[in-house]
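J.: Got a predicted model here, sequence first, then my questions.
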Amino acid sequence: MIDDELNGASPLSEEHALGLVVGGSLSQGVEIRLDPDGKSTVEDLKAGSFVTIHGNKNRFFGVVTDLTLENSDPRVKHNPPPLDDKFIAEMVSGTVAYGTAEVIPHLTMPLVLGDPDVVPVSTKTIPPHFSPAYPASDSDVETVFGREDEQHFWIGNPLDMQSKLCLNLEELVKRSIGVFGKSGTGKTFLTRLLLVGILQGNQASSLIFDMHSEYGWGGQDTDRNTSVKGLKQLFGSRVTTFTLDPAQARRRGISTDEVVNINYSEIEPEDIELLRETLNLSEVAGSSAYNLQHKFGQKDWLHRFLALRGTDINELAVEIGVHPQALSTLHNRLRRLERYNFLDSSPNSRASEDTTDKIIHHLERGNHVVLEFGDYGNDLTAYILVSNLLSRRIHERYVSQTDSAEGNGGKKPRPLVIVIEEAHKFLHPGVASQTIFGIIARELRKYSVTLMVIDQRPSAIDQEVMSQLGTRLTCLLDNDRDVEAVLSGTSGSRQLRGVLSRLEPKQQALMFGHALPMPVVVHTRGYDEKFYAEVTQRQPSKVDDQGRIETAQDRLEREINELF
Amino acid sequence: MEQLAGNNRIGEVIESSTTAFIVQSYRLYNTPPLGSFIQTGSPPIFGVVCKITTEPLDPTRPIIARGEGADSEEQLYKDNPQLSRLLTSRFEALIVGHRAGQQINQHLPALPPRVHSFVNSCSESEVVDFSNHLDFIHLLLNSGSIVTEETVLACMNQLIQAQPLQSDFRTKVGRALAKELSSDIRQLTSILRSLM
């Protein structure tokens, strides 16, 4: 009866229904005709909002992907109601002219919630015709995304909702993570949040190659022109900072825990291959490093090559069968490395072994390592060289440790997340198959090492690597190729594309993958005083390498062991 | 043209079908207005007036113009008292519902009213009672009458006038019409524009 409809009584809920399912499919999503009573208009919904649809046997949790204006008489387009008669427009809206929402149902839940054993499962069916759709409630969101606890990190809120949206940290660190977005859309803040989450969850250690010194000892909020706290300030002794540039650290008035030193003997032709783009080397020049290594030996090649002067280079070129011009270019470009104070040219030093040992030592103790590049952060050559070299050494250790653990039934190494910025420089299709990061991305969690890649040009990253990213978090992207690259291999990418291109440029990100049960647009948490207070409050005391919380007795024992 | 004393009886059914009936008024020109509610029979069957005609009782005797020398139309009728016997007013009513016990059903009765059933106009309270629901709009719109649009408009305006909360009821009528006429925006706007 018409007046019953006018009252808007809902059979299942006190809250007013958005509308009814009137069509759709499993692959394309269901179509919701918005309420004909005119109480919820198309403007009340947004792309990315959560909706629950009450079917006869299940509840479906979905997300709005598109909104459409429809009509029951096409003539309404040609003869719209007169503007001056508001009554007619009001009567026609919602009846002849109405809105529809396209909703992709992602998860199925039981009609009655409360049984903790019943978890939402991915949808394999759709709600029948005329099932009512409601805005998702806070408890729905909590059921789907989990309640904030040790394993679930509150990353932000769904659009227009106050409910806490959580990431499953265990799933997050199991596979590689991608953080994408145009410059200035909040990648760094999002990464800080994720790192805080990983630190809180204590599932893994992290090694952060901190290009612009933003994560360890605080960074700048360029929009508000204020400084923000870094991980070291928030987590104290659980974070160890390394620096390549102690002079810059002194200028900033901060104390770093360790200084990175790398010996020439550690640099391999593979590193030079990776530096071809930044050093502007031809393929021939880049690959001649392998000839040099063959000639001078594994340890000495760079040291001895850089010691050559003038005509010696030409003679060497002839001797090893490389084009003299190419070798001369290589020599010139590699001499730039001599400017780097963190590189140690003395032939028999074990500087980088020490650095690697120190980093691994800290990681094994459950600490998180931030490697600050200081002034070298603006030098991509230094960033690529150091991060590649150290990651290779650490990865080697992890591989041998894992292999021996499997062989002898010993302890597997603690999972590690390596964070790299400007990831496309390491992972573009030309080099991804050779660099250590390409290998780590493909090996997945076999050796307990995963990547967190941060980049603004995902289209420049090798597709194979992209496909291995378990969880992707992306801020606004507007280049079509980048959007395509981020969404490749994701179900419902057509609908997500619309959502992604409409993100706000600040504090909004589309997240999908293993750490979340379904793709979701998140209004990310503010990184401010309130956040610091909440993080400090939730911080566990020192945690040992098996993930156990340390008691006072344990602490005493550990400190005694460390002393002696 | 006053009604018969003591009741609202206005005429008798002279022709009846499932969807409509034709009523002859007891008095010339004494018909209810277009779109108004009438009832006939017991239990009552409700109708909405849709077409009013005044014509000669004997169809074989055409009407002749008589007023060339008369001062006024009133004078003409006074000078020709036989006219009220030779002419008759009839109207057609579309059936919109019937009473069954305490309930008013807004669909067609199983049987149409009998010929010679007395026809009464509905009081304002009966109209308000009937208009609790507006499902009968569907019957009106689908009657196939050539004056459907005007009948609906007149009927709705009378309903609105009879309501205590006219503005709310107008909205209710508007939305009900919009649902019924969702595939015909032209007819819908035409009715809505003239709604009081």
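T.: The structure has been received and is ready for your questions. Numbers count the residues shown, from 1 in each chain, chains lettered A, B, ... in the order given.

J.: Those residues of chain B touching chain A, which are they?
T.: B:132-135, B:170-172, B:174-179, B:181-186, B:188-189, B:192-193, B:195 (Cβ under 8 Å from any Cβ of the partner chain). For glycine as for every other residue, the C-beta is placed from the backbone atoms N, C-alpha and C.

J.: Looks like A:Ala405 contacts A:Tyr398 (just checking).
T.: No. Taking contacts as Cβ atoms under 8 Å, A:Ala405 lies outside contact range of A:Tyr398: 10.1 Å.

J.: which residues are in contact with both of the two?
T.: A:Pro413 (Cβ atoms under 8 Å, 6 or more residues apart in numbering or on different chains).

J.: quick one, which of the two is more surrounded?
T.: A:Tyr398 (23 against 14; other Cβ atoms under 10 Å in any protein chain shown).

J.: Wait, the more buried one touches A:Glu443, no?
T.: No. Assessed by Cβ under 8 Å, A:Tyr398 is found out of contact with A:Glu443, at 10.0 Å.

J.: anything in contact with each of the two?
T.: With Cβ under 8 Å, 6+ apart, A:Tyr398 and A:Glu443 have common neighbours A:Val449.

J.: lowest-confidence helix or strand of chain A?
T.: helix A:2-7 (a mean of 38; mean pLDDT, DSSP states H and E).

J.: Can you classify the residue of chain B positioned farthest from its centre as helix, strand or coil?
T.: In chain B, counting by Cα atoms, centre = their mean, B:Gly69 sits farthest out from the average C-alpha position, at 35.7 Å. Using DSSP: H, G, I helix; E, B strand; the rest coil, the structure places B:Gly69 in coil.

J.: what's the pLDDT at it?
T.: Per-residue pLDDT puts B:Gly69 at 84.

J.: which ones are touching it?
T.: No contacts exist for B:Gly69 under Cβ under 8 Å, 6+ apart.

J.: Quick check: it vs B:Leu76, distance?
T.: With distances taken as Cβ to Cβ, to the nearest Å, B:Gly69 is found 9 Å from B:Leu76.

J.: sec struct for A:Thr471, please.
T.: strand.

J.: Test my guess that it contacts A:Glu171.
T.: Yes. Because the distance of 7.3 Å satisfies Cβ under 8 Å, A:Thr471 is recorded as touching A:Glu171.

J.: Now for these two: what residues contact both?
T.: With contacts defined as Cβ under 8 Å, 6+ apart, the residues shared by A:Thr471 and A:Glu171 are A:514-515.

J.: okay, these two: which has more neighbours?
T.: A:Thr471 (23 against 17).

J.: Beta-bridge partners for the more buried one, please?
T.: A:Ile177, A:Gly513 (DSSP bridges).

J.: same thing with A:Leu416?
T.: A:Ser205, A:Val449.

J.: What residues does it make contact with?
T.: With Cβ under 8 Å, 6+ apart, A:Leu416 has these contacts: A:204-207, A:363, A:394, A:398, A:448-450.

J.: ditto for A:Gly19
T.: A:32-35, A:40, A:100-101, A:132-133.

J.: Output the contacts of A:Leu416 as JSON lines; include the columns pLDDT.
T.: Below are the contacts of A:Leu416 laid out as JSON lines (pLDDT from 0 to 100):
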{"residue": "A:Ala204", "pLDDT": "87"}
{"residue": "A:Ser205", "pLDDT": "88"}
{"residue": "A:Ser206", "pLDDT": "90"}
{"residue": "A:Leu207", "pLDDT": "91"}
{"residue": "A:Leu363", "pLDDT": "84"}
{"residue": "A:Ile394", "pLDDT": "86"}
{"residue": "A:Tyr398", "pLDDT": "86"}
{"residue": "A:Ser448", "pLDDT": "83"}
{"residue": "A:Val449", "pLDDT": "87"}
{"residue": "A:Thr450", "pLDDT": "88"}
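
J.: now, which of those residues sits nearest chain B?
T.: When the contacts of A:Leu416 are ranked by distance to chain B (Cβ to the nearest Cβ), A:Thr450 comes first, at 55.8 Å.

J.: Now for the residue nearest to that closest one when sequence neighbours are not counted, how many residues are close by?
T.: Once flanking residues are discounted, A:Thr450 sits nearest to A:Ser176: 4.7 Å by Cβ to Cβ, 6 or more residues apart in numbering or on different chains. Neighbour count for A:Ser176, taken as other Cβ under 10 Å: 27.

J.: what's the neighbour count on A:Thr240?
T.: 22.

J.: Am I right that it falls within a strand?
T.: Yes. Counting by three-state DSSP, one finds A:Thr240 located in a strand.

J.: Near chain B, which residues of the stretch 51-200 of chain A are found?
T.: Going by Cβ under 8 Å from any Cβ, the residues of the stretch 51-200 of chain A near chain B are A:72-73, A:75-76, A:79, A:81-82, A:85, A:87-88, A:90-92, A:94-96.

J.: picking that back up, quick one: the residue farthest from the centre of chain B from chain A, how far?
T.: Using Cβ to the nearest Cβ, to the nearest Å, we find B:Gly69 at a distance of 50 Å from chain A.

J.: Hmm, A:Gly94 is touching A:Asp35, no?
T.: Yes. Taking Cβ under 8 Å as the definition, A:Gly94 is a contact partner of A:Asp35 at 6.8 Å.

J.: residue closest to the middle of chain B?
T.: B:Val49 (1.3 Å).

J.: Does it touch B:Leu34 like I think?
T.: Yes. In this structure, B:Val49 is within contact of B:Leu34 by Cβ under 8 Å, at 5.8 Å.

J.: overlap in contacts of those two?
T.: B:Thr151.

J.: Tell me the secondary structure at the residue nearest to the centre of chain B.
T.: strand.

J.: do you know how far it is from chain A?
T.: Taking Cβ to the nearest Cβ, one finds B:Val49 at 23 Å from chain A.

J.: now the strands: where do they sit in the stretch 151-300 of chain A?
T.: A:152-158, A:165-168, A:176-180, A:205-210, A:219-221, A:226-228, A:239-243, A:258-259, A:262-263 (DSSP state E, counting those that start in this stretch).

J.: Can you flag the weakest of these by average pLDDT?
T.: strand A:219-221 (a mean of 67).

J.: what's the burial count for A:Val103?
T.: A:Val103, neighbours per other Cβ under 10 Å, totals 31.

J.: and if you look at B:Asp184?
T.: Neighbours around B:Asp184, by other Cβ under 10 Å: 16.

J.: didn't it look like it was pressed against A:Pro74?
T.: No. Contact criterion Cβ under 8 Å: B:Asp184 and A:Pro74 do not qualify, at 11.4 Å.
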